[in-house]
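Asker: Quick check, what structure comes out for this input:
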Amino acid sequence: MTRKRPAPRTGIEGLLNGASALAEAPSATLPVTDLRPSAFQPRRHFDETSLTELTDSIRKNGVLQPLLARPSDNGYEIVAGERRWRAAQQAGLTEVPVHIRDLTDEQAVRAALLENLHREDLNQYEEAAATLRLVALTLGVDEDVARARMYAAARGTNTEDREVLEDLFAAASLGSWQSFTTNKLRILRYPDAIVTAMQGGLHYSIAAVIAAAPDIHQAELLAMAQGGAGYREVKARRAALEARATPLKVDPARVTEVGKRISSVKWLGTLDNKAQKELQAWLNRMPDSVRKAMNLPD
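Answerer: Just a heads-up that it's a prediction; the model follows:
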């Protein structure tokens, strides 16, 4: 059965192409207490240094770019601009300029994602999560299905979504969807410790090196990176760790006892015909590593 290729959802073109018109539209001035954060906020980590810098700028120049909000039951929900709202309060402002729009949940999610995806201080994990959510909305599926379909499109086994992905990434200025699928989508499956480090500023190229290492080495590599080690240093250390002999997983005492027993000619002489055949069959199944160590022919 051929799956019908999904068409781009209504609304994204308007949100993208109407950005300049929105910026030129008149804004209202609202008390900061009338605004509340949105559940659709893609950002999960607010860097204190960056927020302090924005606070200083707002204290000197005010809020230059109005927030985007929509009416809610208890005031207004911030669709885009939560950092400006937080910084304005830290700067002592009691009011902020706001564009008020009646937006559906889907339109609000799209606007929040697109606004945040073009912020330089959005960390790579948040960027990957926001991009996947935008793709899921565009395809009209949940995020797990969207992820699977992106991988299938990158492999060439799903051609129906390729045009939609190309149009979406081009319209949102997100670069190459193939590059995102290959290099950044995996970030969302990284261990929690690596994700936390990325939210604190760890670059995704170093995170990728650590995430690909065996679990037993990841804590050491992560500590190195957080201590200031660069990509090449972390990668070299990972190679050195993986080159070490693996921990012993056999019982040395048992191996020694087996060796002593089968090397005893006296013991071998006690075996009947059936037992000798069983022993020979066991020796024929000898692991290659043991065979090579004993210089036995294949």
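Asker: Every contact and neighbour count from this point should use C-alpha atoms.
Answerer: Noted.
Asker: okay, and for the stretch 101-250 of the chain, where does confidence drop off?
Answerer: For the stretch 101-250 of the chain, residues meeting the criterion pLDDT under 70 lie at 118-122, 245-248.
Asker: Tally up the residues packed near residue 127, please.
Answerer: Using other Cα atoms under 10 Å, residue 127 has 23 other residues around it.
Asker: so what's the nearest residue to residue 64 once chain neighbours are set aside up against?
Answerer: Spatial nearest neighbour of residue 64, excluding adjacent residues (Cα to Cα, 6 or more residues apart in numbering): residue 58 at 7.9 Å. Residue 58 is in contact with 64, 87-88, 91, counting by Cα atoms under 8 Å, 6 or more residues apart in numbering.
Asker: mind listing the helices for the stretch 101-250 of the chain?
Answerer: In the stretch 101-250 of the chain, the helices defined using DSSP state H, counting those that start in this stretch lie at 105-117, 124-139, 143-155, 162-171, 177-183, 192-199, 204-211, 215-226, 231-243.
Asker: need these in a markdown table with distance to residue 28, can you?
Answerer: Putting the helices of the stretch 101-250 of the chain into a markdown table (distance: least, Cα to Cα, whole Å) gives the following:
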| stretch | distance to residue 28 |
| --- | --- |
| helix 105-117 | 19 |
| helix 124-139 | 28 |
| helix 143-155 | 35 |
| helix 162-171 | 29 |
| helix 177-183 | 37 |
| helix 192-199 | 33 |
| helix 204-211 | 39 |
| helix 215-226 | 44 |
| helix 231-243 | 47 |
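Asker: Select, out of these, the one closest to residue 27.
Answerer: Taking Cα to Cα, helix 105-117 is the member of those nearest to residue 27, at 16.9 Å.
Asker: Alpha carbons of that closest one, as CSV, please.
Answerer: Output of helix 105-117 as CSV, limited to C-alpha atoms (Å, rounded to 0.1, in the frame of the first residue of the first chain):
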residue,chain,number,x,y,z
ASP,A,105,-2.2,25.5,19.6
GLU,A,106,-0.6,24.3,16.4
GLN,A,107,0.2,27.9,15.3
ALA,A,108,1.5,28.7,18.7
VAL,A,109,3.8,25.7,18.7
ARG,A,110,5.1,26.6,15.2
ALA,A,111,5.7,30.2,16.1
ALA,A,112,7.6,29.3,19.3
LEU,A,113,9.7,26.7,17.5
LEU,A,114,10.6,28.9,14.6
GLU,A,115,11.4,31.9,16.8
ASN,A,116,13.7,29.8,19.0
LEU,A,117,15.4,27.9,16.2
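Asker: Report the distance from that helix to the chain centre.
Answerer: Mean-position distance between helix 105-117 and its chain equals 19 Å (Cα atoms, centre = their mean, to the nearest Å).
Asker: Which other helices and strands does it contact?
Answerer: If you count contacts as 3 or more Cα pairs under 8 Å, 6 or more residues apart in numbering; DSSP states H and E, helix 105-117 packs onto helix 12-17, strand 75-80, helix 124-139.
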